[in-house]
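*Asks:* what would the 3D arrangement of this be:
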Amino acid sequence: MNKTIKVPPILIKIGRKEDLVKLQQLGQVYFGTFEGYRTQEKEDIDLDQTDFYRRDSLEGLERRFSGSGSIRFKSKDQKDVTINIPEMKLNLFQNKYSHLYCLYAIPNVIDDTYKIDSKMLKFGDSALIITKPLEFLERLIGKIESNYDMDHVSYYDNCPMVNGKYEIFQKQKTFEYQNEFRIAANLIEDNSVFIGDITDISILLDSQSLLELEYKIQS
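*Replies:* Numbers count the residues shown, from 1 in each chain. A predicted model of the protein is given here:
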């Protein structure tokens, strides 16, 4: 990863308490897959909600194609069959990275009106506050035995441009309230990376406490 990023002053992982205890005490950093975020099943999310807080059908979108194209049917017994289609729409997704780890990032610059959106509470009943984000990221990077990348997410309009190109650090504006910082990697054997006990750089709270922020300037 050859780029400079601004590390947030605070990172937060929101989820079920039992999972966050594993993260804090065992250092179990569980990565989801890009495909998994695109295809969350009904039992994992509340499909009655207008804002699907986890599912993003365009997660990892690289390009939205519209125009003439073709479909090829591959056959083991005879020649492949190709059929031209005069008008087709196709979403092309990145395949450089397989896995993704997402955190909420307190911005580097805020004012006393800044609030964490209450929709974040849908992710779980607890929140692990990473008090030393740079230390956390260094420990994590040191255990990732593959290519990786990390950055803040930027957000585009909910209707992606036709033939526009997108990066793995871009998401639909619908998800802007998540203020996401993400790490992308290729994990081959397991979805988890173990970085050791992080109780020295983290605090476990109930997620409701995220809505009660107070600000104080150090004189």
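*Asks:* from here on, just use CA atoms for contacts and neighbour counts.
*Replies:* Fine.
*Asks:* which parts of this structure are helices?
*Replies:* Taking DSSP state H to define them, one finds helices in the chain at 17-21, 34-38, 133-143.
*Asks:* quick check: residue 89 vs residue 73, distance?
*Replies:* Distance check for residue 89 against residue 73: by C-alpha to C-alpha, to the nearest Å, it reads 18 Å.
*Asks:* need the helices of the chain in CSV (columns: mean pLDDT).
*Replies:* CSV is the format used below for the helices of the chain (pLDDT from 0 to 100):
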stretch, mean pLDDT
helix 17-21, 96
helix 34-38, 75
helix 133-143, 95
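*Asks:* buried deepest among the ones you listed, which one?
*Replies:* Stretch with highest mean neighbour count among the helices of the chain: helix 34-38 (a mean of 18; mean count of other C-alpha atoms under 10 Å).
*Asks:* pull the CA atoms of it into PDB?
*Replies:* Output of helix 34-38 as PDB, limited to C-alpha atoms (Å, rounded to 0.1, in the frame of the first residue of the first chain):
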ATOM      1  CA  PHE A  34     -17.400  -8.500  -0.600                       C
ATOM      2  CA  GLU A  35     -19.800 -11.000  -2.000                       C
ATOM      3  CA  GLY A  36     -21.300 -11.600   1.400                       C
ATOM      4  CA  TYR A  37     -22.100  -7.900   1.900                       C
ATOM      5  CA  ARG A  38     -23.800  -7.900  -1.500                       C
END
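*Asks:* report the distance from stretch 31-40 to the chain centre.
*Replies:* Relative to the chain's own centre, stretch 31-40 is displaced by 9 Å; criterion: C-alpha atoms, centre = their mean, to the nearest Å.
*Asks:* where in the chain is pLDDT low?
*Replies:* 1-2, 40-64, 93-94, 158-164, 166, 219 (pLDDT under 70).
*Asks:* at 50 what do you get?
*Replies:* 41-53 (pLDDT under 50).
*Asks:* now do the most centrally placed residue in the chain against residue 92, distance only.
*Replies:* Closest to where the C-alpha atoms of the chain average out (C-alpha atoms, centre = their mean) is residue 102, at 3.9 Å. Distance, residue 102 to residue 92, using C-alpha to C-alpha: 22 Å.
*Asks:* with residue 148 instead?
*Replies:* Distance from residue 148 to residue 92, by C-alpha to C-alpha: 21 Å.
*Asks:* ditto for residue 79
*Replies:* Counting by C-alpha to C-alpha - residue 79 and residue 92 are separated by 26 Å.
*Asks:* so those two - more neighbours on which side?
*Replies:* residue 92 (16 against 9; other C-alpha atoms under 10 Å).
*Asks:* would you confirm that that one contacts residue 65?
*Replies:* Yes. At 7.4 Å, residue 92 counts as touching residue 65 under the criterion of C-alpha atoms under 8 Å.
*Asks:* what number of residues lie near the residue lying closest to residue 199 once chain neighbours are set aside?
*Replies:* Of all residues not flanking residue 199 in the chain, residue 24 sits nearest, at 5.6 Å (C-alpha to C-alpha, 6 or more residues apart in numbering). By other C-alpha under 10 Å, the residues close to residue 24 number 23.
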